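Enquirer: My questions are about this predicted structure, shown below with the sequence.
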Amino acid sequence: MQKRTFVTGLAGVITLALGGVAPAFAADYPSQPITIIVPSKAGGSTDTTARIFAEIAEAKFPGFEFVIDNIGGSGGQKGFETIARAKPDGYTVGMNFTPQLVAHIVSKRGKYTLDSFHVMGNVAEDPGIVAVPKDSKIKTMANLAAAAKGGDLTVAVNGIGSDDFLAAKTFEKEAGVTFNLLPTNGSTEQKAAILGGHVDASFMNLSQMIAQHKSGDAHIIAILTDKRAASAQDIPTAKEEGFNVMMTATRGFVAPAGIDPAIQTKLDDMLATVMADPEFQKKCAASKIDLLPMNGPDYTTYLENLETSVKDVYNAAPW
C-alpha cells in the first residue's frame, strides 16, 4: 500500500484552468487520499506502473496522496467494473490493461462499456511473446507449428479473452493448428509452468519472462511486435519467422465517467506531467516497463479500434 503523506493542495491550477474562478469543491480538491484501483494482484507490471506513478505524483504535486487497491480476478473484469461504478468525485481512478478491457465488453461479460470511463491516457506497453522451457526442442515458431499438428501441445495463456489468449488463437488460425490451451490465473502460474516444464509453451508478455530468458532458465522464441525489442535484440519477431501474429498489451489510466471537468483536467494534466518526468522514466526503465505515452483522445481512439478488432476475433471463435 502506498505510503501516506499529507501536505498542502494545488488549488491554483484549477483556478487558472477556469479563468480565475474556482468552485469551492474544486479548490479544496484533494481533501482525502485518491484510490488507484489496479485490476490485478500486487507485484505485476501493471501494479508496478501504478506504484511508480503514485510515488512520482506525490513528490511533484504537494497535497496529493495515492492509495493502491489491488482488485484481481476474472482477467481484470472485477477491477474494471469497480472503476466504472465508482463515485465520480475524483477520488477513484484506475489502471486498465488491454485487450482485456475491451474483450470483456465484446464477450458481454463486463458490466461496463467504454463510455463508462473517462480515458486519461496510456502509459506503457508490454509486447506479447512465446516462451518455452529451457530444454525444449521448440526453438522457432515453425517448430511450434509443427509440434502442434497433432493437437496435443499444451500451451498456457493468462485466462480466456486475454492478450495471450487472442495471440494464441491468432497463431492457431495462421498456422492451421489447434492447441490444448491451458488458461491460468496469471503470469505467476505461467512462469511456474514454463520453469517447471509442465507446459510445452506459453503466450505471455515480455516483462514477465525477460529475466528468465536472459538467465537461461527459459527461452523466448519470438516477440509478437513489428520489430525487435530494444531490451532483447536477440529475440526475433514472429513476423520475421513467417507468422503474422501481433499482440501487445497496453497499460493506461481511466476514471469513472462524469467527474467534474476541472478536477478531471487536473488529473489528466498530472498524468501527462508524470509521464514526461525523467525520474518516472528512469524508474520504469529499471523495472523493465516499456513506455508508450498516449493522451486521452488518442488512447480512446486506440481502444475503440481495438474493440472492433477483438470483436472480429470473437465473432469467428466466441469464448
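Expert: Arrived safely. Residues are numbered from 1 along each chain as shown.
Enquirer: make it CA atoms for all contacts and neighbour counts henceforth
Expert: Noted.
Enquirer: tell me, how many neighbours does residue 87 end up with?
Expert: Residues lying near residue 87 (other Cα atoms under 10 Å) number 16.
Enquirer: sorry, that was for residue 172
Expert: 16.
Enquirer: tell me the phi and psi of residue 200?
Expert: With angles defined as degrees, to the nearest 10, residue 200 sits at phi -80, psi -30.
Enquirer: Surely it and residue 135 touch.
Expert: No. Residue 200 is beyond contact range of residue 135, at 10.4 Å (criterion: Cα atoms under 8 Å).
Enquirer: Who has more neighbours out of the two?
Expert: Counted by other Cα under 10 Å, residue 200 and residue 135 do not tie: residue 200 has more neighbours, with 22 against 13.
Enquirer: Can you give me the distance of that one to residue 134?
Expert: Per Cα to Cα, to the nearest Å, residue 200 is found 10 Å from residue 134.
Enquirer: can you pull out the strands in this protein?
Expert: 34-38, 66-70, 92-97, 117-133, 154-157, 180-183, 201-205, 218-223, 248-256, 290-295 (DSSP state E).
Enquirer: any idea which of those is most buried?
Expert: strand 201-205 (a mean of 28; mean count of other Cα atoms under 10 Å).
Enquirer: For it, the averaged confidence score.
Expert: Mean pLDDT, computed over strand 201-205, is 96.
Enquirer: Kindly report the same for stretch 171-187.
Expert: Mean per-residue pLDDT for stretch 171-187: 91.
Enquirer: quick one: which of the strands of the chain is nearest residue 319?
Expert: strand 180-183 (11.9 Å; Cα to Cα).
Enquirer: now stretch 219-231, how far from the centre of its chain.
Expert: Its chain's C-alpha centre and that of stretch 219-231 lie 17 Å apart, by Cα atoms, centre = their mean, to the nearest Å.
Enquirer: From the opening residue of it to its closing one, how far?
Expert: End residues of stretch 219-231 are separated by 15 Å (Cα to Cα).
Enquirer: quick one: contacts of that stretch?
Expert: Residues outside stretch 219-231 that contact it (Cα atoms under 8 Å, 6 or more residues apart in numbering): 127-134, 139-141, 206, 209-210, 212-213, 234-239, 245-248.
Enquirer: low pLDDT regions in the stretch 1-150 of the chain?
Expert: By pLDDT under 70, the low-scoring segments of the stretch 1-150 of the chain are 1-25.
Enquirer: Just give me how far stretch 241-253 sits from the chain centre.
Expert: Chain-centre distance of stretch 241-253: 12 Å, with Cα atoms, centre = their mean.
Enquirer: Use 4 as the first number for this chain going forward.
Expert: In the new numbering, first residue 4, that becomes stretch 244-256.
Enquirer: what sits up against that stretch?
Expert: For stretch 244-256, the external contacting residues (Cα under 8 Å, 6+ apart) are 49, 96-102, 122-131, 143-145, 166, 170, 173-174, 177-178, 208, 227-229, 241-242, 295.
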